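Colleague: Okay, sequence plus prediction incoming.
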Amino acid sequence: MTVGGPTLTLSNGVTMPFFGLGTWQSKPEEVKAAVKAAVHAGYRLIDTAAVYQNEDAIGEAVEELIKEGVVTRDDLFITTKLWMTHLHPDHVEEACRDSLKKLKLDKVDLYLSHMPTAFNTDGSKQDHSVTVEDNWKVLEKVYKAGLARAIGVSNYSVEQVERIMKVAEVPIHNQQVELHLYFPQLEMEKVCRKHNITLTSFSTLGSPGRFNFTLPNGVRPAWAPAPADMDDAFVHELAKKYHKSSAQILLRYVIDRNIAVIPKSVTDSRIKENFDVFDFKLTAQELERLNNSPHHVRLFPQDFMIGHPEDAFASER
């Protein structure tokens, strides 16, 4: 199995693996073992965020892997994200340094603004004073200070990406969005290609694990009904043709569009299986058919953005 797999090159020349380990919903006691299993399996990209509350455990795993000589720091690509409670210019650098401390790093490889909508620091109230341009200008300072090798955004709209690029001294290097068979983000892909912005897909498998998600207050959100990507008949047909699982076909579909993927797992066998997607490619005709799948549904409407002037999905509501 290829260590690290193929890479994308960001517009500043930094290389980023196509394939990484997602860690949303991974509890600290699980994620440490998952990171170690992933790195031993060949993964070199680890994706986390301040709001996942597992940066400490990931930092411990990375530190131990380096001490054991399994990898060097330069072998790894670590992404983390700035949460909405710290989008105000007064709090961005502080939040970044806090993430670095937890991850036991002097810099991250990619630092993303997790959402475009600012809230106050306890998360109880929307802050309408901060625009995406305001937030980007401070992310540029984080980049210029050497705290991140690249910077980007997550869950931003096409219009917000265009606005940032009009004022950016440092361009957006990466945009991470919900992107999967039944929500292919073709317009976003086109705009990012135009600006030489790489894309990362989350929920590439249709996020079957979202039904297990529990909020800190113990409440499980009610999810809108949606067809399951892994049950798609054509995906099953391709799985049979290529002797792969439905999950592997869905991952390859996105990779063949030149988009990075970060499937989450804490199971050793699934971590290894997910990564086993570099020995086949889908044809142009198969990609075209998958791009035109019959369903189109956003799984994560991010309703907390409703009412904010920077609600990225306002046009969809």
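Modeller: The structure has been received and is ready for your questions. Numbering: from 1, shown residues only.

Colleague: and residue 61, what is it in contact with?
Modeller: 31, 32, 33, 35, 36, 39 (C-beta atoms under 8 Å, 6 or more residues apart in numbering). C-beta coordinates here come from the backbone N, C-alpha and C atoms, glycine included.

Colleague: Just the strands from the protein, written as ranges.
Modeller: Using DSSP state E, the strands assigned to the chain run over residues 7-9, 15-17, 20-22, 45-47, 77-82, 110-113, 151-154, 174-178, 198-202, 260-261.

Colleague: Burial check on the closest residue to residue 71 other than its chain neighbours, number of neighbours?
Modeller: Nearest in space to residue 71, with sequence neighbours left out and distances taken as C-beta to C-beta, 6 or more residues apart in numbering, is residue 65 at 5.4 Å. Residue 65 is flanked by 19 other residues according to other C-beta atoms under 10 Å.

Colleague: likewise residue 265?
Modeller: 23.

Colleague: Touching, it and residue 274? I think so.
Modeller: Yes - look at residue 265 against residue 274 with C-beta atoms under 8 Å: they come within range, at 6.3 Å.

Colleague: can you tell me how far residue 90 sits from residue 151?
Modeller: 18 Å (C-beta to C-beta, to the nearest Å).

Colleague: before we move on, what about residue 187?
Modeller: Using C-beta to C-beta, residue 187 is found at 23 Å from residue 151.

Colleague: TSV for the strands of the chain, including mean neighbour count?
Modeller: Output for the strands of the chain, formatted as TSV (neighbours: other C-beta atoms under 10 Å):
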stretch	mean neighbour count
strand 7-9	14
strand 15-17	19
strand 20-22	26
strand 45-47	26
strand 77-82	26
strand 110-113	26
strand 151-154	26
strand 174-178	24
strand 198-202	25
strand 260-261	27
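
Colleague: among those, which is nearest residue 58?
Modeller: Between residue 58 and the strands of the chain, the shortest gap by C-beta to C-beta is with strand 45-47, which sits at 6.2 Å.

Colleague: For that closest one, the averaged confidence score.
Modeller: For strand 45-47, the mean pLDDT works out to 98.

Colleague: Let me see the contact set for the residue nearest to residue 87 when sequence neighbours are not counted.
Modeller: In space, and not counting its chain neighbours, residue 87 is closest to residue 118: 3.9 Å by C-beta to C-beta, 6+ apart. Shown in contact with residue 118 (C-beta under 8 Å, 6+ apart): 84, 87, 88, 126, 127, 128, 129, 130, 135, 308, 310.

Colleague: Show me what the residue nearest to residue 258 when sequence neighbours are not counted is bridged to.
Modeller: Leaving aside its chain neighbours, residue 258 sits nearest to residue 8 (7.3 Å; criterion: C-beta to C-beta, 6+ apart). With DSSP bridges applied, residue 8 shows beta-bridge pairing to residue 16.

Colleague: surely residue 254 meets residue 178?
Modeller: No - using C-beta under 8 Å, residue 254 is not in contact with residue 178; the gap is 11.5 Å.

Colleague: Between these two, which contacts overlap?
Modeller: The contact lists of residue 254 and residue 178 share residue 201, where a contact means C-beta under 8 Å, 6+ apart.

Colleague: Local confidence estimate at the residue nearest to residue 305 when sequence neighbours are not counted?
Modeller: Among residues not flanking residue 305 along the chain, residue 311 sits closest, at 4.1 Å (C-beta to C-beta, 6+ apart). With respect to pLDDT, residue 311 has a value of 98.

Colleague: can you check the one 4 residues further on too?
Modeller: According to the prediction, residue 315 has pLDDT 95.

Colleague: Residue 215 too?
Modeller: The per-residue pLDDT of residue 215 was computed as 65.

Colleague: rewinding a little: if you rank the contacts of residue 118 by neighbours, which is first?
Modeller: Neighbour counts for the contacts of residue 118 (other C-beta under 10 Å) peak at residue 84, which has 28 neighbours.

Colleague: roughly how far apart are that one and residue 243?
Modeller: Counting by C-beta to C-beta - residue 84 and residue 243 are separated by 43 Å.

Colleague: check contacts around residue 271.
Modeller: Contacts for residue 271 (C-beta under 8 Å, 6+ apart) come out as 21, 34, 37, 38, 41, 43, 265.

Colleague: Which ones among those map onto helices?
Modeller: Counted as lying in helices by DSSP state H, out of the contacts of residue 271, are 34, 37, 38, 41.
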